[in-house]
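Asker: Quick one, structure for this:
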Amino acid sequence: MLARLIRDENGFIVSAELMLVVTLMFCAAAVGFSAVRDALVNELNDVSHAIGAVSQTYHVTGLKKARSGCGCEVHARCAGFGFNDDADECDCKIIEYVDVCGKDDPSTGRDE
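Answerer: All right, here's what the predicted structure looks like:
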């Protein structure tokens, strides 16, 4: 009985097929997660470029109220203020034209 159980190979094929299927599933999952990771990184890069392109410059004009009856005397005043957003070292070009030699670019409108 024991010798017949040791020589029995009926379950070997099922086990080998199962291991092959499981290995392929894990390989496919790794490739899928890699594709999702790349897509997510690209979308987050687009969001960061959009946030970097926002100008943070602002100006608020001042207000002045004259006394009633006389236009020459100032009753109340609030000075204006503002901020000019200068380019930072982390700001980047959002749209950049890259010319690839030998590649047909339909955006130029000419066939090369």
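
Asker: Now do the helices in this protein.
Answerer: 2-7, 10-53 (DSSP state H).

Asker: Quick check: which ranges of the chain have low pLDDT?
Answerer: Applying pLDDT under 70 to the chain flags residues 11-13, 69-71, 88-112.

Asker: Repeat the analysis, applying 50 as the threshold.
Answerer: Under the criterion pLDDT under 50, the flagged ranges of the chain are 112.

Asker: Identify the residue nearest the geometric centre of it.
Answerer: With distances taken as CA atoms, centre = their mean, residue 44 lies nearest the centre of the chain, 2.0 Å away.

Asker: coming back round to it: what's the most buried one of the helices of the chain?
Answerer: Ranked by mean neighbour count under mean count of other CB atoms under 10 Å, the helices of the chain are led by helix 10-53, which reaches a mean of 10. Glycine gets a C-beta too; all of them are placed from N, C-alpha and C.

Asker: which residues touch stretch 15-22?
Answerer: Outside of stretch 15-22, not a single residue reaches it under the criterion CB atoms under 8 Å, 6 or more residues apart in numbering.

Asker: same question, stretch 59-74
Answerer: Contacts for stretch 59-74 (CB under 8 Å, 6+ apart): 75-83.

Asker: Among these, which pair sits farthest apart?
Answerer: 75 and 83 (28.3 Å; CB to CB).

Asker: quick check, nearest of the contacts of stretch 59-74 to residue 23?
Answerer: For those, the nearest to residue 23 is residue 83 (58.9 Å; CB to CB).

Asker: The residue nearest to the closest one when sequence neighbours are not counted: neighbour count?
Answerer: Of all residues not flanking residue 83 in the chain, residue 58 sits nearest, at 5.7 Å (CB to CB, 6 or more residues apart in numbering). Using other CB atoms under 10 Å, residue 58 is surrounded by 10 other residues.
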